[in-house]
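1. model this:
(2 chains)
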Amino acid sequence: MNRIDKDRPTHDWIEQLRRRFPCEREIDRVLTRKLQRRAGPPYAPVSLETLVQGTEALIRSELNAPFEILEANWLSGGASKLQMAFKLKWHQPEVGPALTPMVLRMEPSESITETSRLREYQVIKAVEGYLPVPPTYWVDAEGRFLPYPAIVYGFAPGVAKPTASSSGVTGVGTFMPESVRAPLGAQYVEHLARLHTFDWRQARLDAFDKPASLTQALEWQLNRWERVWEEDINEDVPLMRLTMAWLRKNMPALDHVSLIHGDYRVGNFLFTEENNWISAWLDWELSYLGDRHEDLCWATKEAFGHLAEDGKTFLVGGLMPREEFFAAYEKSSGLSVCPATLRYYELFNNYKCVAICLATGCRATRNGKTHQDVLVAWLSGISYTLMDELRRQLEEVL
Amino acid sequence: MELRPALQIKSVIKAMVDVVLPAVDPHNKLAQEQARLVVGMLQLLARHLPLIYRYDRDELSGLLALANALQEQARNLPGIEGARHALVTSAEAGSDVLERARAEPGELEAANFDLRERVGALITEMYAANDFSSLKHVSETIAMHSREQLLRERAWLVSQGWESNPQALPAIEELISRAPGGW
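-> Sure thing, here's the model as predicted:
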C-alpha cells in the first residue's frame, strides 16, 4: 500500500531523509540506525540469563576486580525500555566491598522513542550531585555486550506515585493527596529551575550539539520530529502537516540555552514517602540543549495534573496552581516565562507526542519490534485526543 | 484510523505468546489449555478478519444463484406461491446489496491512504512555498476537516478512557452512519 515501503527502507530513502531533516549528530545516528535495522527480525524475548551474561560482560570490560550479579529480576514500568533489577556484589571504588542494588535499562529492537543511551548516560552524569538522579555506572552505547544498547543505573529508592493513589498508563492522571503537595511542589519547581540554569558548558556532553544561533536548537528539534513522522507514519494526517508548517513559520528566538529534560512531569520522579523527598529524576532520554519553555509547558500539561478539591483550581502535576508554579519558577531561576513561547511549545509538544505515539508506536507494533507491543498499541490510542487538543490550539493561533 | 483490528490482534497475540503463556502455571492445566486456545482463536480471527467481507459477498452470490434457480424451477408448482414470492422479493433485495458491494475493504483503505498522502504532500508544499497568512482559508479548511475526523476517531476509541468528558462525544454509530458523500 505504501509507495515507499517504510518497513524495508532503502539506503537512498534513508539518505534523502537525513538530508531533508538535519538534526543533531547523535540523534541522526540513532534514527539512521533504527531505519537500517528495521527490515531485520522483530524483537524476540530475551531471557534474564542473557541479560545477566551481557551485563557481566559489560561490567567486566570496565572493572578489573571480581564481582557477582545476584537476584536478577524483571522490573515493569514505562513503555519504551526493558528493565532488570539486580544486586552487584563488588569492590566499589572508593567505597570497598559492597552489595549495590542496580537496574539495567535496555532498548528493545525499536522503541516508541528512539533515543541515545550515550546521551542519557552523559546527561545524568552531568547533573549528578546537582539534581537528584540515580547513579549511573556503565553504558553499552552500541549494544556490544547486550542484545541492544543499555545503561546500568544504581537503584533509586522511592515511589513514582503515592502508594494510596491511582493513575492510568505511564503515570497519566496520577492523583496527589493534599499532604504531599507542598513539599513535592516546592521541589518540583525548584529542580526545574536548577536544571534550566545548570552550567552545561562545563559538563561533558559531547553527544549533544550546541546550538549556534537563536533558532538552531528548535530547528534541530523540528527536523527531528518531522523526520520521525516521515520515517514512521503509516496513514498521513493533514493536521500534522499544517501544524509543522505553522511551527516552522513561528519559531521563537531563544534567549537562554538550557539543558532540557524533555519529559519533566509527575511519574518521572521518585520520592520517598516517609519524608516526601524527591530521590531521583528519571527518563532523561529526550534531553537536549534548548528552550526551557518546552519543559515548562510539559510539566504543566493538564494530562499530568488535576483539579483541587474546590473543583476549579488546576494543580500542575497535582501539586500547585499554575500561576504559583510559574511565579516560583521565575523567582528561583531568574528566567522569565513568556506566555507566547509557552503557547508555541504547547503545539510543539503535542506534535512530538503524536509523532511518538501514533507514528512510531504503530510502526514499531506493526513490525513486532518492542517487548510490549500490546502496551504500545494501546498507548497509540491517546493520539486522537492529543490531536484534537492540538487542533484547538492551532485554531487559536491561525 | 491507525489503531485497526489487525494491529490490535497482532499485538495481543505477541503479548500472549512472549509474556503471558510462559508465565502461566504449568500445573494449572485448565489455564494452560485456555491460554493456548486464546492464542489459537486470535490467530484464526487475524486470518479471517481481512476475508470476512469477501466471504459474505461470495456467500451472497452463491445464495442468489440458488434462489434464482429455485424460483424458476418452482414457478408452476402448486401450493408454494407465498414462499416463492417471498424468495423473489428477498433475491431482488440481495441482488441490490451485491450490486452495491463491489469494492473490497482493502480498496477503501487504500483509497483513504492514498488521499491522506497526497493531501499531506500538497499541504507541506503549499505552506513551504507561500506566506502562511495568505493561506488562511486553506488552514481553515484543514482545521474543519480535522475537527470532524478527530471526532470520529475519538468516538471510535472512547472506551480506552483518554477523554476527560466522554459523555460529550456522540456515539460512533451515529457519526459513521451517513451516506457516501454526506460530508
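
2. A:L270 looks like it's in a helix, true?
-> No - per DSSP: H, G, I helix; E, B strand; the rest coil, A:L270 lies outside any helix segment and is strand.

3. That one against A:D283, yeah?
-> No - under the criterion of C-beta atoms under 8 Å, A:L270 makes no contact with A:D283, lying 10.8 Å away. For every residue, glycine as well, the C-beta is placed using N, CA and C.

4. Of the two, give the one with the bigger neighbour count.
-> A:D283 (23 against 19; other C-beta atoms under 10 Å in any protein chain shown).

5. Just the pLDDT for the more buried one.
-> Here the pLDDT value assigned to A:D283 is 93.

6. What separation is there between A:T100 and chain B?
-> 28 Å (C-beta to the nearest C-beta, to the nearest Å).

7. Over to A:L63?
-> 33 Å.

8. So the closest residue to that residue other than its chain neighbours: helix, strand or coil?
-> Take A:L63 and drop its neighbours on the chain: the residue closest to it by C-beta to C-beta, 6 or more residues apart in numbering or on different chains is A:W90, 7.1 Å away. Of the three states, A:W90 takes strand under three-state DSSP.

9. residues touching A:W90, list them.
-> Listed by C-beta atoms under 8 Å, 6 or more residues apart in numbering or on different chains, the contact set of A:W90 reads A:I59, A:L63, A:A65, A:P66, A:F67, A:E68, A:P97, A:A98, A:T100.

10. swap in B:P50?
-> Contacts of B:P50 (C-beta under 8 Å, 6+ apart): B:A6, B:P105, B:G106.

11. same question, B:H48
-> B:H48 sits in contact with B:Y55, where contact means C-beta under 8 Å, 6+ apart.

12. And the average pLDDT for the strand or helix carrying it is what?
-> Taking DSSP states H and E as the definition, one finds B:H48 inside helix B:29-48. Averaging pLDDT along helix B:29-48 gives 94.

13. just stretch B:63-76 next, same as before
-> 94.

14. now swap in stretch A:70-84 and tell me
-> 84.

15. which residues sit against it?
-> Contacts for stretch A:70-84 (C-beta under 8 Å, 6+ apart): A:46, A:48, A:51-52, A:55, A:85-89, A:99, A:103-108, A:111-113, A:160, A:169-170, A:283, A:285, A:371-372, A:375-376, A:379.

16. So which of these are in helices?
-> A:L48, A:L51, A:V52, A:T55, A:L375, A:V376, A:L379 (DSSP state H).

17. Among those residues, which pair sits farthest apart?
-> A:V52 and A:L379 (29.1 Å; C-beta to C-beta).

18. more crowded one of those two?
-> Shown here are A:V52 and A:L379; by other C-beta under 10 Å, A:L379 has more neighbours (23 against 16).

19. what's the helix or strand for residue 60?
-> The chain I'm using is chain A. Using DSSP H and E, A:R60 falls in helix A:48-62.

20. wrong one, I was asking about chain B
-> helix B:52-73.

21. Next: B:R154.
-> Assigned by DSSP H and E, B:R154 falls in helix B:136-156.

22. do the same with A:K34
-> Per DSSP H and E, the secondary structure element for A:K34 is helix A:25-38.

23. In that helix, which of the residues would be classed as buried?
-> A:E26, A:I27, A:D28, A:V30, A:L31, A:T32, A:R33, A:K34, A:L35, A:R38 (16 or more other C-beta atoms under 10 Å in any protein chain shown).

24. related to what we said a few turns ago, now the angle between helix A:48-62 and the helix or strand just after the helix holding A:R60, please.
-> As assigned by DSSP H and E, the chain's next helix or strand after helix A:48-62 is strand A:67-75. Counting by axes from the mean of the first three to the mean of the last three C-alpha atoms, to 10 degrees, strand A:67-75 lies at 140 degrees to helix A:48-62.

25. Pull out the buried residues from strand A:67-75.
-> Under 16+ other C-beta under 10 Å, the buried positions of strand A:67-75 are A:I69, A:A72.

26. coming back round to it: any of the contacts of stretch A:70-84 buried? List them.
-> Judged by 16+ other C-beta under 10 Å, buried ones among these: A:46, A:51-52, A:55, A:86-88, A:103-108, A:111-113, A:160, A:170, A:283, A:285, A:371-372, A:375-376, A:379.

27. filter the residues you listed down to the ones near chain B?
-> A:H371, A:Q372, A:V376 (C-beta under 8 Å from any C-beta of the partner chain).

28. Make CSV out of those residues and add pLDDT.
-> Putting those into CSV (pLDDT from 0 to 100) gives the following:
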residue, pLDDT
A:H371, 88
A:Q372, 89
A:V376, 92
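
29. what about the longest helix in chain B?
-> helix B:105-129.

30. Is that one positioned near chain A?
-> Yes - residues of helix B:105-129 contacting chain A under C-beta under 8 Å from any C-beta: B:109-110, B:112-113, B:116-117, B:119-121, B:123-124, B:127-128.

31. Now which of those residues would you call buried?
-> B:F113, B:R116, B:E117, B:V119, B:G120, B:I123, B:T124, B:Y127.
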